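>>> all I have is the shape, not the residue letters:
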DNA sequence: CTGAAAGCGCTTACAG
DNA sequence: CTGAAAGCGCTTACAG
């Protein structure tokens, strides 16, 4: 491994001068710069980032922890974060928590923290108390639907408004028994809380009953969960005429069950998802969904972190609200 | 930030003793260990990995570079690599190349290399010459279908055999005009080369013509590419009665086009994919596919890298062949 | 079983 | 505009 010292020796200058050239320091004579550059090229020198970072106290790495890479939403989001980070010369360390509290805690408490400058976390089970107990000092940016009483930056679309527009769309199509798939647990802060609230609010505003029998809990948010939830719903007393799913993977699982039971989408039951993953666009029946602006989410999260890292941000926690829109496809609108 | 020195001071011992305790060194008296541990707990000390790694010359990070995180195969694979790496206390830096040669070169040539101990790369456009020209000394493990004349570890299933079993399956079902979707470029080393060869070999073995009109090139391997390729095929002179796609996303795009044109799967055209992503299992018509053992691929790649990093591996490049199997679903077999 | 010193490769004040 | 020195936090021989 060739170091600054080797280059300095070769060029017959001090280490400092080489460092100046490497870092593009202004006041170096062209002749000197060229001489040093030649030595660099000849030796194939490349700076050791580990050493640089030890000295500067920063690593140039930010970590991104999502629940599940198998959910295309998070895979697509991760890609966007990697690109946004590259704009600021940051590299992304990726981790997945499985949505399990112990892993989320580990990540949040700074597991491997010395290796990264900051963390972007999309939590599922973490509670406000967990965040408040955090001792790790590096900046943390939260992503996603859960709301916390804790002083951290938080990037999330307006989930209530988005859910309401999805339900509104179904009501406008004449649907009256609109189920919600993917609720979880009792806590007022549960993951699906805001989307469920949007569902309830919009039904109420339309003068329709928000029937609890139409709310189906799931263990997780995968396709299998959606398939099972839909089956449970169909086995129940009153069949719904529409389904609003927590996310696209749940919706796709639900559509699988509908197809297996020989029910038509949207004629018998209309389906709306949430996330706008590409899979939904290519589904057997293309899926109507809420499309969050993933690029904006990624950009805002990275910008937030970078600002805090360069000390430019206020101490106030920032709340950013990227945009979203309803994308209507055949799962609600029928063939053109 | 609290350092070893702070802990040593607090405990009234030397830095070395603290280091011994932190690293679980054997020969420390229990009393001393307890005393130091108390100081560690009181101060909330955590080792600075950057410093440790500078000293040891290793970072504990391995990089994984895949073409596209938006392709669920790579997202699922990345998840498996992260888990396999965690078993060895390694963390994963994730990058995507977009399958573009310049980005692949950058990654392979050691962009940010000082930050990672080794690289797992799934190349698309890279050539053997690029690999031979690599100056970076850290270990590199290659993943995926492309074959290289270069001395690097390579993990890949037997693509020819897998492709043959897919085509065999279609022939056994009585199909005679079996198209291949997702060829690319002319080079004998092109990405789809092996699967295409498998297609050709199996047809020939069955005494069927391997008609070039049935081979459709695509720009990439996404759903959109598959949809366009299928449309081109249907617009051609002779309609096929089956399609073998380069991968599942291409197959899913093809199925979208078939549905749009009102063709029945598998009655009119049977479809087989490659990768066994979960999306295929939940597709409008569940997709028959080749299922590579992703966990084995991830484990073998990480093991390979870790072995080289600990100096235990022979200098011989290793070629590992994880298993695969054909998973038959409705896109070829029809409803049960 | 524990301590004092050197050094991993870099950058940051401080001189000149 | 360039150099010599100190130090980021750790581990690794080397003494004792």
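Alright, I've got the coordinates. Bear in mind the structure is a predicted one, so any value in this text is a computation, not a measurement. Numbers count the residues shown, from 1 in each chain, chains lettered A, B, ... in the order given.

>>> just checking, which helix or strand of chain A averages the lowest pLDDT?
The helix or strand of chain A with the poorest confidence is helix A:49-56; it has a mean of 84 (mean pLDDT, DSSP states H and E).

>>> so it, near DNA strand C or not?
Yes. Legend: contact between helix A:49-56 and DNA strand C by Cβ under 7 Å from any atom of the strand is shown at A:51, A:52, A:54, A:55, A:56. Using the backbone N, CA and C atoms, a C-beta is placed for each residue, glycine as well.

>>> the closest residue to DNA strand D within the stretch 151-300 of chain A: neighbour count?
Per Cβ to the nearest atom of the strand, residue A:152 is where the stretch 151-300 of chain A lies closest to DNA strand D, at 24.4 Å. Burial of residue A:152 is recorded as 19 neighbouring residues (other Cβ atoms under 10 Å in any protein chain shown).

>>> ok now the next helix or strand after the least confident helix or strand of chain A, how far from the chain's centre?
Using DSSP states H and E, the helix or strand that follows helix A:49-56 in sequence is strand A:61-66. In terms of Cα atoms, centre = their mean, to the nearest Å, the centre of strand A:61-66 is found 10 Å from the chain centre.

>>> now do stretch A:60-77
The mean C-alpha position of stretch A:60-77 is separated from the chain mean by 6 Å, Cα atoms, centre = their mean.

>>> ok, residues contacting stretch A:77-92?
Here stretch A:77-92 makes contact (Cβ atoms under 8 Å, 6 or more residues apart in numbering or on different chains) with A:60-64, A:66, A:69, A:94, A:117, A:120, A:122, A:143, A:294-295, A:297-299, A:301-303, A:306, B:68-70, B:75, B:93-96, B:112, B:115.

>>> filter the residues you listed down to just the ones in strands.
Among the contacts of stretch A:77-92, the members found in strands (DSSP state E) are A:61, A:62, A:63, A:64, A:66, A:94, A:120, A:143, B:93, B:94, B:95, B:96.

>>> dump those residues to JSON lines, plus distance to DNA strand D.
Supplementary listing: these in JSON lines, determined by distance: Cβ to the nearest atom of the strand, whole Å:
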{"residue": "A:61", "distance to DNA strand D": "17"}
{"residue": "A:62", "distance to DNA strand D": "20"}
{"residue": "A:63", "distance to DNA strand D": "19"}
{"residue": "A:64", "distance to DNA strand D": "25"}
{"residue": "A:66", "distance to DNA strand D": "29"}
{"residue": "A:94", "distance to DNA strand D": "25"}
{"residue": "A:120", "distance to DNA strand D": "24"}
{"residue": "A:143", "distance to DNA strand D": "30"}
{"residue": "B:93", "distance to DNA strand D": "21"}
{"residue": "B:94", "distance to DNA strand D": "26"}
{"residue": "B:95", "distance to DNA strand D": "27"}
{"residue": "B:96", "distance to DNA strand D": "32"}
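
>>> distance of residue A:221 from residue B:72?
15 Å (Cβ to Cβ, to the nearest Å).

>>> where does pLDDT dip in chain A?
Low-confidence segments of chain A (pLDDT under 70): A:111-114, A:185-191, A:312-314, A:334-336.

>>> how is it partitioned into domains?
Chain A breaks down by automatic domain parsing into domains covering A:4-47, A:56-157+A:295-322, A:159-292.

>>> of all those domains, which one is nearest residue B:248?
domain A:159-292 (10.7 Å; Cβ to Cβ).

>>> near chain B at all, the closest one?
Yes. Residues of domain A:159-292 are located near chain B by Cβ under 8 Å from any Cβ of the partner chain, namely A:222-223, A:227, A:252-253, A:255-256, A:259, A:278-279, A:281-285.

>>> run through the contacts of stretch A:77-92 and flag the ones next to DNA strand C.
Answer for these near DNA strand C: none qualify (Cβ under 7 Å from any atom of the strand).

>>> report the buried members of those residues.
A:60-64, A:66, A:69, A:94, A:117, A:120, A:122, A:143, A:294-295, A:297-299, A:301-303, A:306, B:68-70, B:75, B:93-96, B:112, B:115 (16 or more other Cβ atoms under 10 Å in any protein chain shown).

>>> which of the residues of domain A:159-292 next to chain B fall in helices?
Within the residues of domain A:159-292 next to chain B, residues falling in helices by DSSP state H are A:223, A:227, A:252, A:253, A:255, A:256, A:259, A:278, A:279, A:281.

>>> I'd guessed the second one sits against residue A:259; true?
Same thing as residue A:227. No. If you go by Cβ atoms under 8 Å, residue A:227 and residue A:259 don't touch, sitting 10.2 Å apart.

>>> neighbour count winner among those two?
Between residue A:227 and residue A:259, counting by other Cβ under 10 Å, residue A:227 is the more crowded of the two (21 against 18).

>>> skip the chain neighbours and tell me the closest residue to the more buried one.
In space, and not counting its chain neighbours, residue A:227 is closest to residue A:253: 3.8 Å by Cβ to Cβ, 6 or more residues apart in numbering or on different chains.
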